[in-house]
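**Student:** sequence first, then the predicted structure, then my questions.
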Amino acid sequence: MWVTLFVTIFWCAVVFGGKYLYRSWRRKYYLLPAHSVNEIANVDYYRQLSNAQFESLVLATLKERGYTLLGEPWLGRTKEQGYAWRKGKKSVICYRLTRPLNEQQLVEISKKAHLVQAHSVLVLSPLAQVPKSAPIGLKILGGNKLVRWFSVLDMVPPVATHGVEEKCECGSLLKERVSRAGQPLLVCSMYPDCRVMRQPAEPAAPTLRIEPGSNALIA
Ligand SMILES: [Zn+2]
């Protein structure tokens, strides 16, 4: 009787204690600044980028993944369509940063790609939910798939997107970095002498980003 009780309590302690330790380790791990894009574990990060920032990451990833860029690979942007070329196949790229893609849009993308004689289209959608089925030739990269696609960028530092300026308790400036969870993170500029690290205070109201001249496919 006592032995059973003891064994039960022991295993409860192991299981719950283990979970607690794992969770607190995880919290600490993801709060650390990411030194390069491949350390960012959350697709939400990519939605905070501007189109230009996102595109430069995409181009760097294509090169890392062995594509040769022939002109501008963005579908339908330039009069003469460019391609991302690999192993004799021509791909074009299409993305939507903030809004989800629907199936009708995928059909339109497929038609356009057919017109420019691309073999395949990479459709990038930095949201957790992406359409499950796609027309033939479309490869949808969203959620964790997109995080893995960008994971070849092990030398590219993430860009801070919020532009916040706050002071540390020690009087020095806090520098903006990006955490591994993809969130803005303020790190004291006197690091490692001062180890203050915190998330910036929430802005008073969300600001709407409007970029002139962006076409309908680029959200
Ligand atoms: Zn400090």
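**Tutor:** Yep, that arrived.

**Student:** and for the closest residue to P135 other than its chain neighbours, the neighbour number?
**Tutor:** Setting aside the residues directly before and after it, P135 is nearest to S110 in space (Cβ to Cβ, 6 or more residues apart in numbering), at 3.9 Å. Just so you know, the C-beta spots here come from the backbone N, C-alpha and C atoms, and that holds for glycine as well. Here the count is done by other Cβ atoms under 10 Å, and S110 has 17 residues near it.

**Student:** which residues does P33 bridge with?
**Tutor:** Going by DSSP bridges, P33 is paired in beta bridges with S179.

**Student:** quick one: contacts for it?
**Tutor:** P33 makes contacts with R177, V178, S179, R180, L185, V187, M197, as judged by Cβ atoms under 8 Å, 6 or more residues apart in numbering.

**Student:** export those to JSON lines and tack on pLDDT and neighbour count?
**Tutor:** Putting the contacts of P33 into JSON lines (pLDDT from 0 to 100; neighbours: other Cβ atoms under 10 Å) gives the following:
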{"residue": "R177", "pLDDT": "91", "neighbour count": "18"}
{"residue": "V178", "pLDDT": "92", "neighbour count": "23"}
{"residue": "S179", "pLDDT": "92", "neighbour count": "24"}
{"residue": "R180", "pLDDT": "93", "neighbour count": "19"}
{"residue": "L185", "pLDDT": "90", "neighbour count": "24"}
{"residue": "V187", "pLDDT": "91", "neighbour count": "19"}
{"residue": "M197", "pLDDT": "89", "neighbour count": "17"}
